[in-house]
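Participant: How does the following fold in three dimensions:
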Amino acid sequence: MKIIHTADWHIGQTFFDYDRKAEHTVFLNWLKKQVNTLSVDILLVAGDIFDSPNPSAESQKLYYHFLRDITAENPDLQIIIIAGNHDSAARLEAPNPLLETMNVTVRGIVKRKENGEIDFDNLIIPLNKGGYCLAVPFLRQGDYPDSNTYTEGVQAMYHALFKQINDKEKPIIALGHLQATGSEISQNDRAERTIIGGLECISPDAFVDAITYTALGHLHRSQKVSGRENVRYAGAPLPMSFAEKNNKQGVILITINEKTVIEKLEFDAPVKLMSIPKQPSPLTEVLAEIENLPKGEIDNSSPFLEIKVLVTEPEPSLRNQIEKALEGKAVKLARIEATTDHDETKGRVISYDELQKINPLDMATNIFKRKYGGNDLPDGLLKLLQEVIREVES
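Facilitator: Numbering: from 1, shown residues only. The predicted model follows:
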């Protein structure tokens, strides 16, 4: 049995107002080729199909055309998709009656029976080649078994699903969209910000050793979790922010025979991300670096450019000078990050981008310490705050 694990497509994302449809098209065509060439049996998509719960008509068209084409070319291919925190679970599940005729299964909503109990059977998908998939979408408040904390609830969900399976000799695949303990996020990356400031990471113990492979989504860097070879994030196929410019994109190929072989299939993202200079520098040095950029016409493959400027005094014409210097250069200016050389502790005015990077739990903890003589936030208050943040971000 051959399985491809992918996640975090974020179809419909605009990168600093640049449309990324062409990039997503290249990736989806590449993915179809991998499925065809490798004779893949199962395609797993671990959430965040779209970048927004209300995707545009063009984004939905790209997604559904991909499903139509890949299933037409591979009639025996089984596709299992779960919703991520960026997706609308109900919208993703809406066309299920049609998709199921194409051997595509989508799970976004955790359904309950008439007696209020979770319908675990709905989240257990039999695999055409033998075995089962525990298809758990991004879990929101109330989606999981009654527990004291979010982490306990998520763990209880996977354990209950595993317990439901009678034939545990066959391959069992777990699918999830969450942040696991021991995983790494890109520094200052709001695109993959943790759900509750990293305090609600799910332990890999949620996925018992008897599970053949755990396919995760949510974090954009392809990685193993806590050193476990068979618990992995596929990573995003396109870099979602400049914090991800050095990530290696791709998908995971899992081959299950007498033993399980796991390997990364690298995808060369069609548009690169550039940051100049390496560290914020005065405008004169920035303009000198711009001179060394390649000349030419801007097209779909031209890299996105981030410019870091060190500002020591007001410079009203800064953007104008940079844009003029970039004329005739084969790059797309995405953003100019202007920073000062002021001491971070002296209460300087921060930019909107910097504000987005501040973790709300860290902010509350720091304010509490300043107000109450360095004491930590009490556990009860911390728990209440976590609940509020989770509800807001869900």
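
Participant: In three-state terms, label the nearest residue to residue 207 once chain neighbours are set aside for me.
Facilitator: In space, and not counting its chain neighbours, residue 207 is closest to residue 214: 4.4 Å by C-beta to C-beta, 6 or more residues apart in numbering. C-beta coordinates here come from the backbone N, C-alpha and C atoms, glycine included. With DSSP: H, G, I helix; E, B strand; the rest coil as the basis, residue 214 sits in strand.

Participant: Show me what residue 214 is bridged to.
Facilitator: Following DSSP bridges, residue 214 is listed with bridge partners residue 174, residue 231.

Participant: Quick check: it vs residue 136, distance?
Facilitator: As judged by C-beta to C-beta, to the nearest Å, residue 214 and residue 136 stand 10 Å apart.

Participant: Return every residue with contacts to both of these two.
Facilitator: 174, 175, 176 (C-beta atoms under 8 Å, 6 or more residues apart in numbering).

Participant: can you count the residues close to the second one?
Facilitator: Using other C-beta atoms under 10 Å, residue 175 has 26 neighbouring residues.

Participant: for stretch 177-186, the distance to its chain's centre please.
Facilitator: The chain centroid and the centroid of stretch 177-186 are separated by 10 Å, computed with C-alpha atoms, centre = their mean, to the nearest Å.

Participant: how about that stretch: buried residues?
Facilitator: 177, 178, 179, 180, 183, 185, 186 (16 or more other C-beta atoms under 10 Å).

Participant: pLDDT at the fifth one, what is it?
Facilitator: In other words, residue 183. Model confidence at residue 183, given as pLDDT, is 76.

Participant: ok, it touching residue 231?
Facilitator: No. Applying C-beta atoms under 8 Å as the test, residue 183 and residue 231 come out as separate, 9.3 Å apart.

Participant: Please enumerate the shared neighbours of those two.
Facilitator: Counting by C-beta under 8 Å, 6+ apart, the contacts common to residue 183 and residue 231 are residue 225.

Participant: quick one, helices of the stretch 251-394 of the chain?
Facilitator: 283-291, 318-325, 352-356, 360-371, 379-393 (DSSP state H, counting those that start in this stretch).

Participant: Please apply the same query to the stretch 1-150 of the chain.
Facilitator: Counting by DSSP H, counting those that start in this stretch, the helices of the stretch 1-150 of the chain are 21-38, 57-73, 89-93, 96-99, 150-164.

Participant: Mind putting those helices into TSV with mean neighbour count, mean pLDDT and distance to residue 206?
Facilitator: Below are the helices of the stretch 1-150 of the chain laid out as TSV (neighbours: other C-beta atoms under 10 Å; pLDDT from 0 to 100; distance: least, C-beta to C-beta, whole Å):
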stretch	mean neighbour count	mean pLDDT	distance to residue 206
helix 21-38	17	97	28
helix 57-73	15	97	29
helix 89-93	18	95	20
helix 96-99	13	95	26
helix 150-164	19	93	4
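
Participant: In the chain, where is pLDDT below threshold?
Facilitator: 186-200, 341-358, 373-374, 393-394 (pLDDT under 70).

Participant: Break it down into its structural domains.
Facilitator: 2-266, 273-356, 360-393 (automatic domain parsing).

Participant: Out of these, which one sits most buried?
Facilitator: Comparing the domains of the chain by mean neighbour count (mean count of other C-beta atoms under 10 Å), domain 2-266 comes out on top with a mean of 18.

Participant: mind checking the end-to-end distance for that one?
Facilitator: 17 Å (C-alpha to C-alpha, to the nearest Å).

Participant: try stretch 130-148
Facilitator: Per C-alpha to C-alpha, the first residue of stretch 130-148 is 36 Å away from its last.

Participant: give the contact list for the most centrally placed residue in the chain.
Facilitator: The residue lying closest to the centre of the chain (C-alpha atoms, centre = their mean) is residue 218, at 3.6 Å. By C-beta under 8 Å, 6+ apart, the contact set of residue 218 is 7-8, 46-48, 84-85, 138, 177-179, 192, 233.
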